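*Asks:* for reference, the sequence and a predicted model appear below.
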Amino acid sequence: MALIQIAEPGQSTTAHQHRLAVGIDLGTTNSLVASVRSGDVSTLANAEGQHLLPSVVHYSSTDILVGSSAQQHMITDPMNTIVSVKRYMGRGAEDIAADTAHSSYDFSQTQSSIPRIKTRSGDVSAVEVSAEILKTLKHRAVETLGDEIEGAVITVPAYFDDAQRQATKDAARLADIKVLRLLNEPTAAAVAYGLDTGNEGIIAVFDLGGGTFDISILRLQKGVFEVLATGGDSALGGDDFDYVIAQWIIEQSKIQDFDAPEVKRLIMQHARSAKEALAGSEDIEINIESAGAKWQGTLSRSQLQELLTPLVKKTLMSCRRALRDADVDKEDIHEVVMVGGSTRTLLVREMVAEFFECEPLTDIDPDTVVAIGAALQADVLVGNKPDDEMLLLDVIPLSLGIETMGGLVEKIIHRNTAIPVAKAQDFTTYKDGQTAMAVHVLQGDRELVTDNRSLARFELRGFPAHVAGAARIRVTFQVDADGLLIVSAREENSGVEASIDVKPSYGLSDAEVESMLRDSIKHAEDDMHSRSLREQQVDADRVLEALDSALAADADQLLSADEKSKIMIARQTLVDVKDEANIKDIEQAIKNLEAECEDYVARRMNTNIKNAMQGHSIEEYASDPASDAEEEES
Amino acid sequence: MAITLTEPAAERVKSFLENRGKGVGLRLGVKTMGCSGMSYVLEFVDEINPEDEVFEHSGVTVIVDPKSLVYLDGTELDYAKDGLNEGFQFNNPKEKAACGCGESFTV
């Protein structure tokens, strides 16, 4: 039996075309799925009425459990129960090796740089574990919405790099979910509050979850959110709040054997419920009674604030840093959005309000706000809203460019540019008589080709031969709303054209993902140095190229044997130093060579002018200024 | 000629309209197509067209275009739950045959 939802005016679908879409918050600790029904957005619950799905996957000998049923195995079977798998998404084996002190999993030794966790039912990757969580959410959505879903918007942290985003997409593909778009978590939260349709300006998103803290500074401009800066602490959250309260209970109660697991758990439970109760009352009585411990006491709100203040101050320090990175002042922030269960704590709200000098937005449940925003965006993307309400929220995550001489990257479209977009840039030839040019399309923000991701290569062939620098090749990059990139090259004098279609963030093979992982290792600080060195080397090559072709043409007529040998010595010096890594040496060698050639260059110039002017009068040149302008055009 | 809403359906419509923040009522209609001839339309209404028929029932303004009314007269709109799924359902006495899913029908 099909049950019908109310559509927007004129947006009714015909039977069996439901355009159902969901938003998914794939979280470190908990995940959620939300959808818009009859114009009303809400998170979807399972049959037991639970909205939050713990991001826990348990591999038993017979099947795979996800959520609270998996959580029950965390203590008894930790090696086969995977928690917080999001921390490993898109990370290489080296990244995780640095972190194994904190993780209890057994990573299998493989040649591949994609780490796999050993479990009872075989080795699994972070992508596969995440896919299990997504499958569970998808199943819940299909049950609740009564039909197959057309697609999903999945949220990712703003700081996720391309490899981590791709891993998230791969997980969705494994779960048989079509990704309409990946959306940054802070952007989703802002969308949930309708800030995307509000005034342009700068927004801070303060996200304090169970175990992580993220601060993002966004700028909304022309309907597009741009991430100006992100910051935070991957090991600070509500669990730390519980811990300091538990410490206080231990000190107050003088409970001796608080190391016993059951006593510890009991104290932590009391700490947590005291924290939650104090959001609504001035003080709370704590009664601990178990075999090993007995204590009764009162925790007041002011005592709680005293305990938590140092932790909240830490988050504000991250905020200050993020503001500095974004190069904005506190007064520039016009909205603060609160995300994550721990922002329910009154002290957090008060201190954040005080810090930003503005009342933070807290009306929407901070646990679900990200999923809500994702669902609203998904609803728009499948076409359930009239066109004029269509939002464009996508920006290019990494710069796109082409390879130029010396293995350098010339960026054509810079990161954070809103799509759709088209940009063109003119290039020229490097050698005399060149009739073809290779176009190597790259993605990334590093200076050298080797540090960026190669997307495609093609050749523009068969344009007429010119002297170096005379051909004019216009390279156009065009990215449509789906992120499809079309690169075309056209030699303007002859009209010769070539082009290629690329999907920058889709269909990556494992090998490519691996190479991207290597690339995504922290940007080397010597990038700038490499760039200047390569530029200097290219310059040296250019000088040598020009000199050699000049020498071949007229050295015998214009140079004495002595002059020529001096030039050849300076030339040799440059050849010797140009492949070494010393910028100064190359620079000096170029200068020396140019100095040696000064007379030669002057003589060539005079000869050329003489040849060109033979048979013409001076007046002829003076009377036709237009011809000069035309010359430059063509 | 009349169209009615059950109590749960009326409550839902009112709360959805309130949530949406704008709109004057609810449009019921039929569209040709679907696997069994016709399919139902259920939409929010921002503007009433001059030819529309307007009913009031259980505090809800129901809007139907005259062509659809021929097929919908006597229909009761209900709100039902089916497992985790919930939504509106047309109880139409004129409906003679529906496709297996009940989304499209013939009269």
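*Replies:* Cool, got the structure. Since the structure is predicted, the reported quantities are computational estimates derived from the model, not experimental observations.
*Asks:* what residues are up against residue A:124?
*Replies:* A:59, A:82, A:116, A:117 (CB atoms under 8 Å, 6 or more residues apart in numbering or on different chains). Every C-beta, even on glycine, is put in place using the N, C-alpha and C of the backbone.
*Asks:* mind pulling up the pLDDT for residue B:107?
*Replies:* What the model reports for residue B:107 is a pLDDT of 58.
*Asks:* ditto for residue A:574
*Replies:* In this prediction, residue A:574 has a pLDDT value of 88.
*Asks:* burial of the closest residue to it other than its chain neighbours, as a residue count?
*Replies:* Spatial nearest neighbour of residue A:574, chain neighbours left out: residue A:589 (4.1 Å); criterion: CB to CB, 6 or more residues apart in numbering or on different chains. Residue A:589 is flanked by 23 other residues according to other CB atoms under 10 Å in any protein chain shown.
*Asks:* next: residue A:613.
*Replies:* Residue A:613 has 12 neighbours, counted by other CB under 10 Å.
*Asks:* for residue A:499, same thing?
*Replies:* Residue A:499, neighbours per other CB under 10 Å, totals 15.
*Asks:* isn't it right up against residue A:478?
*Replies:* No - at 9.3 Å, residue A:499 does not count as touching residue A:478 under the criterion of CB atoms under 8 Å.
*Asks:* overlap in contacts of those two?
*Replies:* A:486, A:487, A:488.
*Asks:* the closest residue to the first one other than its chain neighbours is in what secondary structure piece?
*Replies:* This points to residue A:486. In space, and not counting its chain neighbours, residue A:486 is closest to residue A:478: 4.7 Å by CB to CB, 6+ apart. Per DSSP states H and E, residue A:478 falls inside strand A:473-479.
*Asks:* about what we covered before: ok, the residue nearest to residue A:574 to residue A:534 distance?
*Replies:* 16 Å (CB to CB, to the nearest Å).
*Asks:* now do residue A:552
*Replies:* 27 Å.
*Asks:* now stretch A:542-559: mean pLDDT?
*Replies:* Rounded mean pLDDT across stretch A:542-559 is 83.
*Asks:* check what contacts it and list those residues.
*Replies:* A:430-432, A:468, A:564, A:567, A:571, A:574-575, A:578, A:590, A:593-594, A:597, A:600, A:603-604, A:607.
*Asks:* residues contacting residue A:121?
*Replies:* So residue A:121 contacts A:59, A:60, A:61, A:64 (CB under 8 Å, 6+ apart).
*Asks:* oh, that last question was meant for residue A:215, not what I typed.
*Replies:* Taking CB under 8 Å, 6+ apart, we find residue A:215 in contact with A:204, A:205, A:206, A:207, A:230, A:231, A:232, A:315, A:318, A:319, A:322.
*Asks:* can you list the residues you listed in CSV and add pLDDT and distance to chain B?
*Replies:* Below are these laid out as CSV (pLDDT from 0 to 100; distance: CB to the nearest CB, whole Å):
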residue, pLDDT, distance to chain B
A:204, 96, 26
A:205, 96, 24
A:206, 97, 27
A:207, 96, 26
A:230, 86, 33
A:231, 87, 35
A:232, 87, 33
A:315, 95, 33
A:318, 93, 36
A:319, 95, 33
A:322, 91, 34
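*Asks:* in CSV: these, plus neighbour count and secondary structure.
*Replies:* Formatted as CSV, these follow (neighbours: other CB atoms under 10 Å in any protein chain shown; DSSP: H, G, I helix; E, B strand; the rest coil):
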residue, neighbour count, secondary structure
A:204, 30, strand
A:205, 32, strand
A:206, 30, strand
A:207, 26, strand
A:230, 21, strand
A:231, 21, strand
A:232, 22, strand
A:315, 25, helix
A:318, 18, helix
A:319, 22, helix
A:322, 21, helix
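*Asks:* need the max-distance pair from those residues.
*Replies:* Using CB to CB, the pair of these lying farthest apart is A:230 and A:315, separated by 13.5 Å.
*Asks:* so which strand or helix has the nearest residue to residue A:85 once chain neighbours are set aside?
*Replies:* In space, residue A:85 comes closest to residue A:129 once its chain neighbours are excluded; the distance is 4.4 Å by CB to CB, 6+ apart. Element membership of residue A:129, judged by DSSP H and E, is helix A:126-145.
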